[in-house]
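[1] Provided below are the primary sequence and the corresponding predicted coordinates.
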Amino acid sequence: MPEAVGSSPWRVTLPHSAEAVPLARALVRTALAHLEEPAHSHTAELLTAELVANAIQHTDGGQPIELVVELLPTGCQVEVHDGDPAPPGDLAHPGAMPDPLQENGRGLLLISTLSEACGHRPTDQGKAVWFTLPTPEAC
């Protein structure tokens, strides 16, 4: 994972409910506004929403979800921490194209396709799933 800019990351605990998604999008938007060359804010918001929605859907409702946004010299990194240690799926090879008539099943595909890099790692409380986006200048 890339090195963070000297400032501390933006970190917030989110509710384990649908209200977490717009809160997470707003935090990412606010954090990216502090970059001289903002990373792709709309893409960052979309991918963050996918990670948070997955954490809500696939983890126990009693566990908090944490969002961490780090501003990097070349863009940003977003992590979503949850209490389930099980990996989220294969981000490197998210599988075949989902059925176009299904309402879900595209999150990992979006994350692996639209991010510069993505992955997951174990944490003391469960796991963190992350992605990075470059600044437009680095593209």
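    Received the coordinates, thanks.
[2] rest of the way, CA atoms for contacts and neighbours
    OK.
[3] and the helix or strand where Ala26 lies, what other elements does it pack with?
    Element membership for Ala26, per DSSP states H and E: helix 20-32. Judged by 3 or more Cα pairs under 8 Å, 6 or more residues apart in numbering; DSSP states H and E, helix 20-32 is in contact with strand 10-14, helix 41-58, strand 65-72.
[4] then that helix to CSV, C-alphas only?
    The C-alpha trace of helix 20-32 is given here as CSV (Å, rounded to 0.1, in the frame of the first residue of the first chain):
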residue,chain,number,x,y,z
ALA,A,20,-23.6,4.8,6.7
VAL,A,21,-23.4,5.0,2.9
PRO,A,22,-24.2,8.7,2.4
LEU,A,23,-22.1,9.6,5.5
ALA,A,24,-19.1,7.7,4.0
ARG,A,25,-19.6,9.4,0.6
ALA,A,26,-19.7,12.8,2.3
LEU,A,27,-16.5,12.1,4.3
VAL,A,28,-14.6,11.0,1.1
ARG,A,29,-15.8,14.1,-0.7
THR,A,30,-14.7,16.4,2.1
ALA,A,31,-11.3,14.7,2.5
LEU,A,32,-10.5,14.8,-1.2
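[5] low-confidence ranges in the protein?
    1-8, 35-39, 90-106, 136-139 (pLDDT under 70).
[6] winner for burial among the helices and strands packed on helix 20-32?
    Of the helices and strands packed on helix 20-32, the one with the most neighbours on average (mean count of other Cα atoms under 10 Å) is strand 65-72, at a mean of 23.
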